[in-house]
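> Sequence isn't available, so here's the structure alone:
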């Protein structure tokens, strides 16, 4: 039994070259010039050069509409719904092998249409078919074809409101609709489920009511999920799903990733955390280089006390181009459109107090803890049966987002404000070591309490050392204090802060 060719398909049956292929034919044979009008493709390609460029021409003629190359990323192959990056290189090589097989057909076609006058050319074609099956020839073919099939990275996934599904392309709008898939859209991702307007998800809705009883928060969550289907970065938001265990976060995120499939990526949480080693800008960033075209990027469980990389979060959420690179490849730019969601039991530390970071934070509290005896161990299997309906639920959220944005409810806004208050490092220091008492009179002096700037700075540096924190520069520390409304003035030639009382320096007193 003959072993099946792993690269054969329905259109290209392997054809063995005839005995003696590659040997010189009669030198008196007439050599071909150009194909005749009306020749079929095999006969036309038989006249192409027998070198890498000629093979590249064959590859483009036969398969060019289904292949494209992007510099510093690689080959993509059209699979009927999207341009596939993961299988792009393998599919490109497979097409090279099919070109080698097809050269045998070119030889047969030339022999049948031109007869013995082209015997030498036919013989050369049979020999070239054998050589073209070599790995080096496949690489040469791809290298020669690459400039003609090149596309810029910014042409990929360029329409933020198109979403590929296995059965067509969804146009995201106030009223989402399905249309036929198109190569020209250059979409590189695809959902894991079909678009089906009749699909429902009653168990999913029951699950959401269980883990998030508040209707306004539930609607907010739906708008977040709908927004995550888009390639828009308009909200410039960074999402944190926060709550202790047994609250449904993991199941929720698992189902979102399942429905969104290649549109959703799971990233190491370190992608979003500050690094103590000060990694340089010339280093590879493979965790980011795999994200062009992604619309949801999730990470789970930063270590307790881990600090958010605020500069990177701002950059990711801005939608402005980022420069990244794969290992052993060159840098390229892409515009991040993914919605980053950290699912965690511990809120990451945010040291910045500026609006630039806090306006991006969207905190979704998961306040319900489901008792062990009420946990459905088969829940995810049940939800998988409703995945087409879950997509429809997400699309409804997208329509709501188009109608009016994310619209966080008052409880979500309050949660971020409470988070911000907890994360202010100067505020933490003041709570830990000081009391603010601007209206209280120091019984020892008969004036409001005050502390010298020098002494307050010393206590602050001690506190930072104990907490393992990098202290703010003196000027920055001072501006943080005055920014909180603490009065700074000169007293007997020294700078003092008024209404601040250091606990460890206290003289016994009672508020009047």
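Thanks, I have it. Everything numeric here is computed off the predicted structure, so don't read it as measured data. Residues are numbered from 1 along each chain as shown.
> Give me the number of neighbouring residues for residue 144.
Residues lying near residue 144 (other C-beta atoms under 10 Å) number 18. Backbone N, C-alpha and C define where each C-beta goes, glycine included.
> residues contacting residue 400?
With C-beta atoms under 8 Å, 6 or more residues apart in numbering as the criterion, the residues that contact residue 400 are 219, 222-223, 226.
> Filter these down to the buried ones and hand me the ChimeraX line.
Applied in ChimeraX, the following selects the buried portion of these according to 16 or more other C-beta atoms under 10 Å:
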select :222,223,226
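> Mark which of the contacts of residue 400 are part of helices, please.
219, 222-223, 226 (DSSP state H).
> List just the nearest of the residues you listed to residue 51.
For residue 51, the nearest member of those is residue 226. The distance, counting by C-beta to C-beta, is 52.9 Å.
> which residues touch that closest one?
When the contact criterion is C-beta under 8 Å, 6+ apart, the partners of residue 226 are 394-401.
> Mind doing that once more with 6 Å?
394, 397-398, 401 (C-beta atoms under 6 Å, 6 or more residues apart in numbering).
> in which helix or strand would I find the closest residue to it other than its chain neighbours?
In space, and not counting its chain neighbours, residue 226 is closest to residue 397: 2.6 Å by C-beta to C-beta, 6 or more residues apart in numbering. For residue 397, the element it lies in under DSSP states H and E is helix 387-404.
> Report the mean confidence score over the helix or strand just after that helix.
Once the chain leaves helix 387-404, the next helix or strand it forms, by DSSP H and E, is helix 410-423. Summarised as a single mean, pLDDT over helix 410-423 is 90.
> what's the spacing between helix 410-423 and its chain's center?
Put simply, helix 410-423 sits 27 Å off its chain's centre (C-alpha atoms, centre = their mean, to the nearest Å).
> same for that helix, what does it pack against?
Packed against helix 410-423 by the contact rule (3 or more C-beta pairs under 6 Å, 6 or more residues apart in numbering; DSSP states H and E) you find strand 361-365.
> Would you list the strands that the strand it packs on pairs with, along with their directions?
Strand pairing for strand 361-365, using DSSP bridges, gives strand 238-242 (parallel).
> The partner strand versus helix 410-423: what angle between them?
Between the axes of strand 238-242 and helix 410-423, defined by axes from the mean of the first three to the mean of the last three C-alpha atoms, to 10 degrees, the angle is 90 degrees.
> for the following helix or strand past strand 238-242, packing partners?
Toward the C-terminus, strand 238-242 is succeeded by helix 249-260 as the next helix or strand (DSSP H and E). The contact analysis (3+ C-beta pairs under 6 Å, 6+ apart) places helix 249-260 against helix 387-404.
> ok, and for the helix it packs on, which residues are buried?
Counting neighbours by 16+ other C-beta under 10 Å, one finds that the buried residues in helix 387-404 are 387-395, 397-402.
> relative orientation of that helix and helix 249-260 in degrees?
Using the same axes, to 10 degrees, helix 387-404 lies at 90 degrees relative to helix 249-260.
> Next, count neighbours for residue 383.
Counted with other C-beta under 10 Å, residues neighbouring residue 383 total 22.
> do the one 3 residues further on as well
When neighbours are defined as other C-beta under 10 Å, residue 386 has 22 of them.
> For the residue nearest to it when sequence neighbours are not counted, list the residues it contacts.
Spatial nearest neighbour of residue 386, chain neighbours left out: residue 201 (4.0 Å); criterion: C-beta to C-beta, 6+ apart. Shown here is residue 201, whose contacts under the criterion C-beta under 6 Å, 6+ apart are 386, 389-390, 393.
> now do 8 Å
With contacts defined as C-beta under 8 Å, 6+ apart, the neighbours of residue 201 are 383, 386, 389-390, 392-393.
> Can you tell me the element residue 69 falls in?
Assigned by DSSP H and E, residue 69 falls within strand 67-70.
> What strands flank the helix or strand that that strand is followed by, and is each parallel or antiparallel?
Counting by DSSP H and E, the next helix or strand C-terminal to strand 67-70 is strand 74-78. In the sheet, strand 74-78 lines up against strand 67-70 (antiparallel), strand 83-84 (antiparallel) (DSSP bridges).
> And the contacts of residue 400, which is closest to residue 122?
Looking at the contacts of residue 400 and their distance to residue 122, the nearest is residue 226, at 60.9 Å (C-beta to C-beta).
> Would you quantify the distance from the closest one to residue 198?
Applying C-beta to C-beta, to the nearest Å, one obtains 19 Å for the distance of residue 226 from residue 198.
> what do you get for residue 411?
In this view, residue 411 and residue 198 are 34 Å apart by C-beta to C-beta.
> Tell me the secondary structure at the closest residue to residue 141 other than its chain neighbours.
Of all residues not flanking residue 141 in the chain, residue 55 sits nearest, at 4.2 Å (C-beta to C-beta, 6+ apart). Remark: residue 55 carries the secondary structure label helix [criterion: DSSP: H, G, I helix; E, B strand; the rest coil].
> which ones are touching residue 55?
If a contact means C-beta under 8 Å, 6+ apart, then residue 55 has 48, 96, 99, 132, 137, 140-141, 144 as its contacts.
> The same query, at a cut-off of 10 Å, please.
Residue 55 makes contact with 45, 48-49, 96, 99-100, 103, 128, 131-132, 137-138, 140-142, 144-145, according to C-beta atoms under 10 Å, 6 or more residues apart in numbering.
> Please convert the buried members of those into PyMOL selection syntax.
PyMOL command restricting the contacts of residue 55 to the buried ones, with burial defined by 16+ other C-beta under 10 Å:
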select buried, resi 45+48+96+99+100+103+128+132+137+138+140+141+142+144+145
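> From the contacts of residue 55, which land in helices?
Applying DSSP H to those, the entries found in helices are 45, 96, 99-100, 103, 128, 131-132, 137-138, 140-142, 144-145.
> between these, which is nearest residue 349?
Checking the ones in helices among the contacts of residue 55 against residue 349 with C-beta to C-beta, the nearest one is residue 142 at 47.7 Å.
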